[in-house]
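Novice: Show me the folded form of this:
(one chain, ligands or ions: 1)
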Amino acid sequence: MLSVQQLTKRYPGATSAIISDLELHAPSGISLSIQGASGCGKSTLLALLAGFEVCDSGSIVIANQQLDGLSASAADDFRKNNLGVIFQNYNLLECFNVWDNVAFTARLKGNYSAERQQQLLAQLGLSAFSQAPVGQLSGGEQQRVAIARALNHCPAVVLADEPTGNLDEQTSDVVSDLLFNYCHAQKITLVVVTHSSDVACRARQQYALHHGKLCAA
Ligand SMILES: Nc1ncnc2c1ncn2[C@@H]1O[C@H](COP(=O)(O)OP(=O)(O)OP(=O)(O)O)[C@@H](O)[C@H]1O
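Specialist: Presented below is the predicted three-dimensional model:
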């Protein structure tokens, strides 16, 4: 269950709130997409859901855990155990190869399985790169590594910021199918921020963010 009530966030110095009394309620295991104009606050909303940003008011409950008001270390623990995050700029660990980047979340959570990871890399077309330093990969390949890392520890919820933003149309289709099907099969709640209507329409619930609130897209 993902439940967001009256969520409000205004950045210091900004004249108005970027997220304003936002409501979002979704059962577990469902997929949601969020579209909206550039700068309307989509990444901010994901950062609030991930506990990277602190809201000014409102409440966020994910996987039975009240997120607002958590200390930084409790938010770290929550993310480690419950969340997979696909960042817009990947946030890969440059000093590690593909295998160790993908293993990172599962090792941290304590549920690392080489067999599961091998299957995931194969599904994402990354097997041939597993020993490559991530810095030597193309943007699209790095994006797929970021997706594998977000799925590898079997999180309850995956938050994905433009997960296909750097992929060509054909690869975007393949990767979107994998992400949505994988999350559906594993009963993972998937929240995808995207500018692509092709990606957005794969989600069970489709929203647009406008003036700080979500409306049906
Ligand atoms: N840490 C921050 N401090 C102050 N302002 C910020 C911060 N992060 C984002 N903003 C501002 O908040 C607004 C929303 O940014 P955000 O990245 O959430 O938009 P977005 O909808 O994800 O945009 P895009 O589609 O271009 O990625 C922008 O005007 C941005 O400059």
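
Novice: which residues does S113 contact?
Specialist: With contact set as Cβ atoms under 8 Å, 6 or more residues apart in numbering, S113 has these partners: A106. C-beta: built from backbone N, CA, C; applies to glycine.

Novice: Need the pLDDT of it.
Specialist: S113 carries a pLDDT value of 97.

Novice: Show me what the residue nearest the centre of the chain is bridged to.
Specialist: Closest residue to the average C-alpha location of the chain: L159 at 2.0 Å, with Cα atoms, centre = their mean. Beta-bridge partners for L159, by DSSP bridges, are V85, V191.

Novice: V85 against A50, yeah?
Specialist: Yes: the pair V85 / A50 is scored as a contact, 5.5 Å apart, by Cβ atoms under 8 Å.

Novice: Find residues that contact each of those two.
Specialist: Common neighbours of V85 and A50 (Cβ under 8 Å, 6+ apart) are R79, L159.

Novice: Confidence-wise, which helix or strand of this protein is lowest on average?
Specialist: Every helix and strand in the chain was compared by mean pLDDT, DSSP states H and E; the lowest is helix 169-186, with a mean of 90.

Novice: For that one, which outside residues touch it?
Specialist: With contact meaning Cβ under 8 Å, 6+ apart, helix 169-186 is reached by 29, 31, 123-125, 140, 143-144, 147, 151, 154, 158, 160, 163-164, 167, 188-190, 192, 196, 198-199, 202-203.

Novice: which ones among those residues are found in helices?
Specialist: Q123, G140, Q143, R144, I147, L151, D198, V199 (DSSP state H).

Novice: Give the ChimeraX command for selecting the buried subset of the residues you listed.
Specialist: The ChimeraX selection below is limited to those of the ones in helices among the contacts of helix 169-186 classed as buried (16 or more other Cβ atoms under 10 Å):
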select :123,140,143,144,147,151,199
